[in-house]
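>>> Give the three-dimensional model of this entry:
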Amino acid sequence: MKRLRRILLAVTVGMLVLCLAAIAVSVLGNRGLPIEPQASGRLDPLDKARLEESLHLKQQLGEDVWPGWGVTKVPILLWNRHGSFLVAYPSLPMGWTLVSGDAFQDRPYYRQPTANPQNFGLQVGDHLVASMATKWETDAFMIQVFRGVLPPGIKAVFPYWLLILPSEVQITGVLHESFHVYQAEVSGPRLQEAESSHRLGAAYWQVDGAMRADWKQETSLLARALAASSDSEARQLARQFLERRAQRRQASGLAQDLIDYERQLEWEEGLAKYVELAIWRQASAAQEYRPIAAMSADRQFKRYATFRQRWQQEVGQMRTQASREGETRFYYTGMAQAMLLDRLLPGWKDDAFEPGTWLETLLAEATR
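Numbering: from 1, shown residues only. Below is the predicted model:
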């Protein structure tokens, strides 16, 4: 008994030491969280470097990802809580002020207070711009969300540093929003139709609960198709996905406008999500690609080497979103169909903007 008590005591002490060590590591890690940039009225140097890398990435590899998009010039609006900054814009727009004593790629850029921040394509003056939060702002939002749901005792020691995403997420996120501007320029009426379909969200999510089990099967088939070892296996699983989707819609009596709601959002947001991930994949695979020199100062930049890990996270998110309410689901199912089309139907992008052509109709063509 004495020996057993000694063993139990040693185990208890050991576990306590491990817990204390984990808390110490967590606290020390949190001390290394990025410091909030000061309200200097200028873009932070790291934000400028990441934005320049986004534009460089698009210029070098964009045409490989989506012909026509890579060479399209898109102004960028980068915002944080202190201000919004407009770069690559042709002239000073009304309501903005020139940032004096600074430039972006040797060109002037403009500033105004942040009033209604959002990540999307926005109209500024006579031009559409791609709007995106800075990396610090995005990281701070994630930390704030977690702090809001954690109990007080855990909140003080939670390892928030684990929530800090690699800079590639923000770099490719800018290109996600840039693609929305391209959609508007190439197929403005179609993007407007997709935007107007958001009004159907309330009606859709009222009937979604009865379809969740079928949605899980659909996304599982998509995930398996993406991981298939051969084109024939991928084609077979993609065909099963389309059959399962048709059965779900028929069994639930889904109205045509709600079917189009799914298709519209997969086209609008799924394609932008595809571009975001496809260009990261391209950068990770292209041995000749070189990021800009200024990115060497960014400790959170991984030179696109973590794409495989990110891809697994995204496929996992697709499975998770099948059980959740929200339009994020369609970002993933649209992206997955686009990735499959790369494999099964080369040249599919030539028809992707045609009226009445959906990702699922292109996938049906690829699986005949």
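>>> can you give me the offset of the strand of greatest length in the chain from its chain's centre?
Assignment by DSSP state E gives strand 127-133 as the longest strand of the chain. Remark: strand 127-133 is offset 15 Å from the chain centroid, using CA atoms, centre = their mean, to the nearest Å.
>>> now stretch 354-364
23 Å.
>>> got it, and stretch 93-113?
Per CA atoms, centre = their mean, the centroid offset for stretch 93-113 relative to its chain is 27 Å.
>>> so where do the helices sit in the protein?
2-31, 45-65, 135-149, 152-155, 167-186, 188-196, 201-208, 212-226, 231-252, 256-265, 271-285, 307-321, 328-344, 359-366 (DSSP state H).
>>> Quick one: residues contacting the spatially closest residue to residue 341 that is not a sequence neighbour.
Nearest residue to residue 341 in three dimensions, chain neighbours excluded: residue 348, at 4.3 Å (CB to CB, 6 or more residues apart in numbering). For every residue, glycine as well, the C-beta is placed using N, CA and C. The neighbours of residue 348, taking CB atoms under 8 Å, 6 or more residues apart in numbering as the test, are 341-342, 362, 366.
>>> cool, and residue 104?
43, 48, 51-52, 87-88.
>>> same check, this time on residue 175
Counting by CB under 8 Å, 6+ apart, residue 175 has contacts 54, 57-58, 62, 275-276, 279.
>>> if you set the cut-off to 7 Å instead, what comes out?
Contact analysis of residue 175 by CB atoms under 7 Å, 6 or more residues apart in numbering lists 54, 57-58, 275-276, 279.
>>> Give me the pLDDT for residue 156.
Per-residue pLDDT puts residue 156 at 71.
>>> now swap in residue 33 and tell me
Value listed for residue 33 in the pLDDT field: 56.
>>> I figured residue 367 hits residue 238, correct?
Yes: taking CB atoms under 7 Å as the definition, residue 367 is a contact partner of residue 238 at 5.1 Å.
>>> So which of those two has more stuff around it?
residue 238 (28 against 20; other CB atoms under 10 Å).
>>> Correct me if wrong: that one contacts residue 363.
Yes: if you go by CB under 7 Å, residue 238 and residue 363 touch, sitting 5.7 Å apart.
>>> between the two, what contacts are shared?
residue 340.
>>> Can you name the residues that contact residue 364?
residue 242.
>>> So it versus residue 143, what's the distance?
Noted for residue 364: a distance of 43 Å to residue 143, by CB to CB, to the nearest Å.
>>> For the stretch 51-200 of the chain, which residues score under the pLDDT cut-off?
Residues of the stretch 51-200 of the chain meeting the criterion pLDDT under 70: 153, 155, 157, 161.
>>> how is this structure carved up into domains?
45-150+176-184, 187-366 (automatic domain parsing).
>>> Any chance of TSV for the ones you listed, columns distance to residue 166?
Listed next are those as TSV, based on distance: least, CB to CB, whole Å:
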stretch	distance to residue 166
domain 45-150+176-184	10
domain 187-366	5
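>>> Quick one: closest of the ones you listed to residue 165.
domain 45-150+176-184 (6.7 Å; CB to CB).
>>> ok, the nearest residue to residue 131 once chain neighbours are set aside - contacts?
With sequence-adjacent residues excluded and distances taken as CB to CB, 6+ apart, residue 131 is closest to residue 77, at 4.2 Å. Residue 77 is in contact with 84, 86, 122, 124, 129-131, counting by CB under 7 Å, 6+ apart.
>>> Pick the one among the residues you listed closest to residue 291.
residue 130 (19.8 Å).
>>> ok, the closest one - how many residues close by?
25.
>>> doesn't residue 121 make contact with it?
Yes: contact criterion CB under 7 Å: residue 130 and residue 121 qualify, at 5.9 Å.
>>> measure the closest residue to residue 180 other than its chain neighbours to residue 127 for me?
Closest residue in space to residue 180, ignoring its immediate chain neighbours: residue 121 at 3.9 Å, by CB to CB, 6+ apart. Using CB to CB, we find residue 121 at a distance of 10 Å from residue 127.
>>> any residues in contact with both of the two?
In contact with both residue 121 and residue 127: no residue, using CB under 7 Å, 6+ apart.
>>> Of the two, which one has the most company?
residue 121 (23 against 18).
>>> ok, that one - contacts?
128, 130, 177, 180-181, 184.
>>> Mind picking the two most distant members of the residues you listed?
177 and 184 (11.2 Å).
>>> Same drill for those two, tell me which one is more crowded.
residue 177 (24 against 17).
>>> And that one, how close does it get to residue 246?
Taking CB to CB, one finds residue 177 at 33 Å from residue 246.
>>> now residue 309
34 Å.
>>> And residue 231, by the same measure?
23 Å.
>>> now residue 140
Distance from residue 140 to residue 246, by CB to CB: 43 Å.
>>> if you count what's nearby, which of the two comes out ahead?
More neighbours surround residue 140 than the other of residue 140 and residue 246, with 19 against 13 (other CB under 10 Å).
>>> How about the contacts made by that one?
Counted by CB under 7 Å, 6+ apart, residue 140 has zero contacts.
>>> start the count at 23, not 1, going forward
Happy to do that; since the first residue is 23 now, the last one works out to residue 162.
>>> Tell me who's in contact with the spatially closest residue to residue 139 that is not a sequence neighbour.
Excluding the flanking residues, the one nearest residue 139 by CB to CB, 6+ apart is residue 101, at 4.9 Å. Counting by CB under 7 Å, 6+ apart, residue 101 touches 136, 139, 153, 155-156.
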